[in-house]
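Peer 1: next input, structure requested:
(one chain, ligands or ions: 1)
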Amino acid sequence: MTAAVTYEAIKTCKQSGARLGRVHTPHGTIETPTFMPVGTQATVKTMSPEELKEMDARIILSNTYHLFLRPGHELIREAGGLHKFMNWDRAILTDSGGFQVFSLSDMRKITEEGVHFRSHLSGDKLFISPEIAMEIQNALGSDIMMAFDECAPFPAEHDYVKKSLERTSRWAERCLESHTRPADQSLFAIIQGGMYEDLRRQSAADLTSLDFPGYAIGGLSVGEPKHLMYDVLDYTVPLMPANKPRYLMGVGSPDALIEGSIRGIDMFDCVLPTRIARNGTTMTSQGRLVVRNAQYANDFGPLDPECDCYTCRNYSRAYLRHLIKADETFGLRLTTYHNLYFLQNLMKNVRQAIMDDRLLDFRDEFFEQYGLFNN
Ligand SMILES: O=c1[nH]cnc2cc3nc(NCCN4CCOCC4)[nH]c3cc12
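Peer 2: Residues are numbered from 1 along each chain as shown. As a prediction, this is how the structure comes out:
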């Protein structure tokens, strides 16, 4: 079966299960492990495509649910697809809408056929099925499409999670059947199973028997303690094909990116860096720094003395604090740019540590400096 997206393994870290790789797509190659900025409504909030390229972002996310509701996938199809619509000529991954239907909309009813819900914008009654999720993503023309799934809530009873993952497996098969598999799009499946090892095994077995070009781990980063997420990774990642991309959905704090890479994850996404930037919280080499706090009012040094991004080379903490307090949009742009650059740079250092077979040492050094050993 031809796949538009393929994985090239480069090297496995001798110190951990981490691996260096490349994901080849029709819109360019992505060095992995990689962090994908989230552009929910066809824009990575406050960033231009040129700024994202400047920090070497190779792939961004956009959201099927949001674009289905507004402006509508038919309009984007008419515009020539999402790449053209948002003037982004690198890779795009679209989440399938399942997660947002359950987390955002006024959820109505889950049936075998699909999900009935009310739009969180207009209150209109809407319906998404595996087939409709494929139709929407085909219209968007994303390089990587995600199968329509249910992300089970946390906590959830074993019986509920079992029934939910079995329906997700049937939905994944329907996605595969209905996806016209255009030559330039690839469909990834999403492994569910909550925090239950037997159910993760069942979900992985169901989906890997269907031969998708790539696999995601869903149902995590839903409020569970981080150690529980790492436990699930410890027994789920080994069930995933070694010759295909492994994508952990919704994960984006520096410590989780390092811990996930150690366990063999290739791709990550999260709204965290862009969301916290908009309320003046930044990720720096010394840990989280809430630049809107009064203590930085007269601090004329750079946000992060160890960062060489546009924000850190040209503006002071005092200026950033002033802009954020004054609700000046430029302030949000500067903190967003820095946070995304920080994570791109972190992943570059993770890839170098894997190349040098020292990712566990890198983790200890980073945690020490970032202040992660004392929380
Ligand atoms: O099973 C899933 N299926 C399809 N999409 C997902 C997206 C997901 N996103 C998260 N977590 C996001 C957590 N964010 C952290 C930062 O603040 C906003 C929420 N978990 C996710 C699970 C799934």
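
Peer 1: residues contacting the most centrally placed residue in the chain?
Peer 2: The centroid of the chain falls nearest to D269 when counting by CA atoms, centre = their mean (1.7 Å). D269 makes contact with 35-38, 61, 93, 247, 249-252 under the criterion CB atoms under 8 Å, 6 or more residues apart in numbering. Every residue, glycine included, has its C-beta placed from N, CA and C.

Peer 1: skip the chain neighbours and tell me the closest residue to it.
Peer 2: M36 (4.2 Å; CB to CB, 6 or more residues apart in numbering).

Peer 1: quickly note the distance from the one you found to S62.
Peer 2: Using CB to CB, to the nearest Å, M36 is found at 10 Å from S62.

Peer 1: common neighbours of the two, please.
Peer 2: Counting by CB under 8 Å, 6+ apart, the residues touching both M36 and S62 are L93.

Peer 1: list the residues that contact Q185.
Peer 2: 4, 137-138, 141-145, 179 are the contacts of Q185 under CB under 8 Å, 6+ apart.

Peer 1: make it 6 Å
Peer 2: Neighbouring residues of Q185 by CB atoms under 6 Å, 6 or more residues apart in numbering: 4, 145.

Peer 1: hmm, back to that, which among the contacts of D269 are in contact with the ligand?
Peer 2: 249-250 (CB under 6 Å from any ligand atom).

Peer 1: tell me if I'm right that L320 and V291 touch.
Peer 2: Yes - L320 is within contact range of V291, at 4.8 Å (criterion: CB atoms under 6 Å).

Peer 1: residues of the protein that sit close to the ligand?
Peer 2: So far as CB under 6 Å from any ligand atom goes, the chain lies against the ligand at 95, 98-99, 149, 151, 190, 218-222, 249-250, 270-272.

Peer 1: same for the helix or strand of the chain at the bottom of the mean pLDDT ranking, what does it pack against?
Peer 2: When each helix and strand of the chain is scored by mean pLDDT, DSSP states H and E, strand 106-110 comes last, with a mean of 79. Judged by 3 or more CB pairs under 6 Å, 6 or more residues apart in numbering; DSSP states H and E, strand 106-110 is in contact with strand 115-118.

Peer 1: and E157, backbone torsions?
Peer 2: phi -60, psi 150 (degrees, to the nearest 10).

Peer 1: what about it, how many residues nearby?
Peer 2: Neighbours of E157 under the rule other CB atoms under 10 Å: 11.

Peer 1: per-residue pLDDT of I276, please?
Peer 2: I276 is assigned 98 on the pLDDT scale.

Peer 1: S178 now?
Peer 2: At S178, pLDDT is 93.

Peer 1: quick check: closest non-adjacent residue to the residue sitting furthest away from the middle of the chain.
Peer 2: Distance from the C-alpha centroid of the chain, by CA atoms, centre = their mean, peaks at N298 (36.0 Å). Leaving aside its sequence neighbours, N298 sits nearest to A318 (CB to CB, 6+ apart; 5.9 Å).

Peer 1: which residues does the host helix or strand of that neighbour contact?
Peer 2: Using DSSP states H and E, A318 maps to helix 317-325. Identification of contacts with helix 317-325 by CB under 6 Å, 6+ apart yields 280, 291-292, 296, 298-300, 303, 330-331, 334.

Peer 1: ok, now which ones touch the residue nearest to D269?
Peer 2: 59, 61, 269.

Peer 1: turn these into TSV, columns for secondary structure, distance to L359 and pLDDT.
Peer 2: Converted to TSV, those look like this (DSSP: H, G, I helix; E, B strand; the rest coil; distance: CB to CB, whole Å; pLDDT from 0 to 100):
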residue	secondary structure	distance to L359	pLDDT
I59	strand	22	98
L61	strand	25	98
D269	strand	21	98
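
Peer 1: and which of the residues you listed is nearest N339?
Peer 2: Relative to N339, the closest of these is D269; by CB to CB it sits at 13.9 Å.

Peer 1: among the contacts of helix 317-325, which pair sits farthest apart?
Peer 2: N298 and F330 (20.2 Å).

Peer 1: any low-confidence regions in the stretch 251-375 of the chain?
Peer 2: For the stretch 251-375 of the chain, the stretches with pLDDT under 70 are 373-375.

Peer 1: which non-adjacent residue is nearest the residue in it that the ligand sits nearest to?
Peer 2: As assessed by CB to the nearest ligand atom, the ligand sits closest to L272 within the stretch 251-375 of the chain, at 4.4 Å. Sequence neighbours aside, G252 is the residue nearest to L272 in space, at 4.3 Å (criterion: CB to CB, 6+ apart).

Peer 1: so that neighbour sits against M267, correct?
Peer 2: No - using CB under 6 Å, G252 is not in contact with M267, being 11.3 Å away.

Peer 1: give me the neighbour count for E113.
Peer 2: E113: 12 neighbours (other CB under 10 Å).

Peer 1: nope, E74 is what I meant
Peer 2: By other CB under 10 Å, neighbour count at E74 equals 12.

Peer 1: also R70?
Peer 2: Per other CB under 10 Å, the neighbour tally for R70 reads 12.

Peer 1: pLDDT score for it?
Peer 2: 98.

Peer 1: where do the strands of the stretch 251-375 of the chain begin and end?
Peer 2: Along the stretch 251-375 of the chain, counting by DSSP state E, counting those that start in this stretch, strands occupy 267-269, 281-284, 287-290.
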